[in-house]
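Novice: compute the structure for the input listed below.
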Amino acid sequence: MLRSILGKLLGFKTDTRGIVLYLVALLMVPFVLLLGVAVDVGQLLIVKNQLQSAIDAAALDIGANPSWTQAQAQTQAQNYVNANFSTQYSSATLTSLSVTENNTASPPIVSITATATINTVFLPIVGTSTLSTTVSTQVTIAQNYLEVVLVLDNTGSMADMYGSMTGIQGLQTAATTLVNTLFANDPTGKYVKIGIVPFTAAVNIGTQYANASWMDSAGAGTMTQENLNVSKDTAKGVGGLISLAGELKNASWGGCVRQRAEPYDIEDVSPTASNLNTLFTPYVAPDEPDNGNFINSYLPDGSFPKGTTQAQIQADVTKYQGGNVSSSQSLKQGPNFTCAVQPIIRLTNDQTALLNEINAMTPYGATVIPAGLMWGWHLLSPNGPFADGVPYTNTSTIKAIILVTDGYNDVNGGTNGFNKSVYNAYGYGSGPHLNILSVPNGTSEAQPEYNLDQKQINLCNNIKAVTDASGNPGRILLYMIGFGNAVNDQGLQLLQQCATNSSTYFYNPTGDELITTFQNIAIGLSKLRISQ
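Specialist: Numbering: from 1, shown residues only. The predicted structure is shown next:
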């Protein structure tokens, strides 16, 4: 084509009448070349942008899965490029693709470099038949800080089989997966802190806090005298109730606490000695009467005058001094009846301590979800009793509570004689805390469980209402997971209401599904970003 154009131009040399045409034709040569360059280079730019997008997506995915080997990362990058680039641009050829993972960096870095080549359309006339482009990307874990609390159901039903494993085994595996995933993205523990709240009918804070300033150390609060005739005048030593349990043989205070009096049972208010209702009361399950259909009778009642009521027998504390709790009764009866076996672990970056905590969990007891959830909030809170969490205004830190339960609020309402429930963090069903709201007509629940459900809803609303520095609610993410095939529809509906939104609610009938959910939550919390 170029030879033909030049031939015609040579013919114009002897024809002065075509001088203008000669000049125009002469100028067309560079114009045609420039047009060809523009078309070919434009096509190369399109290919470059598409290839860049493909490796960006691949790097994000690889960074979200820090446990992958180098070979797995390379394969995944190739799959992303094939799906998002190669199949869409058949005229382009991927000539190289390399993935580099720097897991020793803090935070870890994933780098990808790729080169693609296209066949040119116009540039072969000047000897250029192909053009190449090289792109690169780098992804790091965003340097957001994480404060995450796992609120984990340790109740007796977690010994049931859910799929290929028991509930507690599935929970332990899933929680281990989450902890390891979060710390894989932060091997030095600089950015991640995790707390754990095992819960049953009450939460075990640990016996080391018996003398804490936020405990009812004088036994002066109303809950100390709620079920037992222990007063601040006769209480010996720390806690009133702790002292009472200490008088027993083969038993002592196990570390659980009661929920605070209303409204502080569902509020993030620091405990202060000037307001006894904000303090925490030691949990000591009363010895129940020997005669009658009672669940937790662990001491002989002794002799009482004729006409003494069962409630008076239960409240009497004289039988505790030297009272022998049979060691064979173990967890089944005694002052720590339905108290969670495993104590909480506060926010920490000690990965080993967290994994040991998870492995030590034991299924036992009844279910009081508000108790577990409220202590999850206490662990995240910048307020007391621990004040371990950063201020809510510090939005560079993500705060999240992940609650897992295989059931619903259940304290055997309507049983256990005049108590109308087993003893729990709210006392008895007949007491002042679970006897506030009447059960609506058409509701099949017993009154204690209905009241616990309402407390759970109100508590979730309070947590979701926590605001950030700009006054926006939702400062704390609430992940709610219904686990196993025994959760009824009402329990699942409560969890849905509690979750931050539909994307933070899950129903996992089996342990395998729970493990996958925890892995996905961990990936979401890691918050990846393109660094350059």
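
Novice: secondary structure class for T140?
Specialist: Following DSSP: H, G, I helix; E, B strand; the rest coil, the label given to T140 is strand.

Novice: what's across from it in the sheet?
Specialist: When bridges are assigned using DSSP bridges, the partners listed for T140 are I109, R529.

Novice: please report how far it lies from I62.
Specialist: Remark: distance between T140 and I62 (C-beta to C-beta, to the nearest Å) = 12 Å. Backbone N, C-alpha and C define where each C-beta goes, glycine included.

Novice: touching both of the two, which residues are there?
Specialist: Common neighbours of T140 and I62, using C-beta atoms under 8 Å, 6 or more residues apart in numbering, are V110.

Novice: can you mark which positions in the strand or helix carrying L355 are buried?
Specialist: Secondary structure assigned from DSSP states H and E places L355 in helix 351-359. Neighbour-count burial for helix 351-359, with 16 or more other C-beta atoms under 10 Å as criterion, is recorded at Q351, L354, L355, E357, I358.

Novice: please, which helix or strand holds P198?
Specialist: Since the elements are taken from DSSP H and E, P198 ends up inside strand 192-199.

Novice: tell me which other helices or strands that strand touches.
Specialist: For strand 192-199, the packing partners by 3 or more C-beta pairs under 8 Å, 6 or more residues apart in numbering; DSSP states H and E come out as strand 145-153, helix 167-184, strand 345-348, helix 351-359, helix 369-380.

Novice: of all these, which one is nearest S98?
Specialist: Minimum separation from S98 across the helices and strands packed on strand 192-199 (C-beta to C-beta) falls at helix 167-184, 22.3 Å.

Novice: ranges for the strands of this protein?
Specialist: Counting by DSSP state E, the chain forms strands over residues 92-102, 109-119, 130-141, 145-153, 161-162, 165-166, 192-199, 203-204, 256-257, 345-348, 397-405, 476-483, 505-508, 528-530, given from the N-terminal end onward.

Novice: what's the third one in contact with?
Specialist: Residues from elsewhere that reach strand 130-141, judged by C-beta under 8 Å, 6+ apart: 40-41, 44, 47-48, 51-52, 55-56, 59-60, 62-63, 95, 105, 107-120, 123, 185-186, 191, 526-532.

Novice: which of those residues are buried?
Specialist: With neighbours counted by 16+ other C-beta under 10 Å, the contacts of strand 130-141 contain buried members at 40, 44, 47-48, 51-52, 55-56, 59-60, 62-63, 107-112, 114-118, 120, 123, 185-186, 191, 526, 528, 531.

Novice: quick one, domains of this structure?
Specialist: In the assignment given by automatic domain parsing, the structural domains of the chain cover 2-141, 145-530.

Novice: quick revisit: turn the strands of the chain into TSV, including distance to Y423 and mean pLDDT.
Specialist: Written out in TSV, the entries for the strands of the chain read as follows (distance: least, C-beta to C-beta, whole Å; pLDDT from 0 to 100):
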stretch	distance to Y423	mean pLDDT
strand 92-102	53	90
strand 109-119	53	92
strand 130-141	46	87
strand 145-153	19	96
strand 161-162	28	96
strand 165-166	26	96
strand 192-199	15	97
strand 203-204	14	98
strand 256-257	10	98
strand 345-348	25	98
strand 397-405	20	96
strand 476-483	25	98
strand 505-508	31	97
strand 528-530	47	37
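
Novice: could you export those as JSON lines, including distance to G307?
Specialist: Output for those, formatted as JSON lines (distance: least, C-beta to C-beta, whole Å):
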{"stretch": "strand 92-102", "distance to G307": "79"}
{"stretch": "strand 109-119", "distance to G307": "78"}
{"stretch": "strand 130-141", "distance to G307": "71"}
{"stretch": "strand 145-153", "distance to G307": "43"}
{"stretch": "strand 161-162", "distance to G307": "50"}
{"stretch": "strand 165-166", "distance to G307": "49"}
{"stretch": "strand 192-199", "distance to G307": "40"}
{"stretch": "strand 203-204", "distance to G307": "39"}
{"stretch": "strand 256-257", "distance to G307": "34"}
{"stretch": "strand 345-348", "distance to G307": "49"}
{"stretch": "strand 397-405", "distance to G307": "44"}
{"stretch": "strand 476-483", "distance to G307": "49"}
{"stretch": "strand 505-508", "distance to G307": "53"}
{"stretch": "strand 528-530", "distance to G307": "72"}
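
Novice: which among these is found nearest to V466?
Specialist: When those are compared by C-beta to C-beta, strand 476-483 sits nearest V466, at 5.3 Å.

Novice: just checking, what packs against the closest one?
Specialist: helix 167-184, strand 397-405, helix 447-464, helix 489-498, strand 505-508, helix 511-526.

Novice: ok, that strand: who's next to it in the sheet?
Specialist: According to DSSP bridges, strand 476-483 forms sheet pairs with strand 397-405 (parallel), strand 505-508 (parallel).

Novice: what angle sits between that strand and strand 145-153?
Specialist: Orientation check (axes from the mean of the first three to the mean of the last three C-alpha atoms, to 10 degrees): strand 476-483 against strand 145-153 gives 30 degrees.

Novice: and A38, how far is that from T120?
Specialist: Plainly put, A38 is 12 Å away from T120 if you go by C-beta to C-beta.
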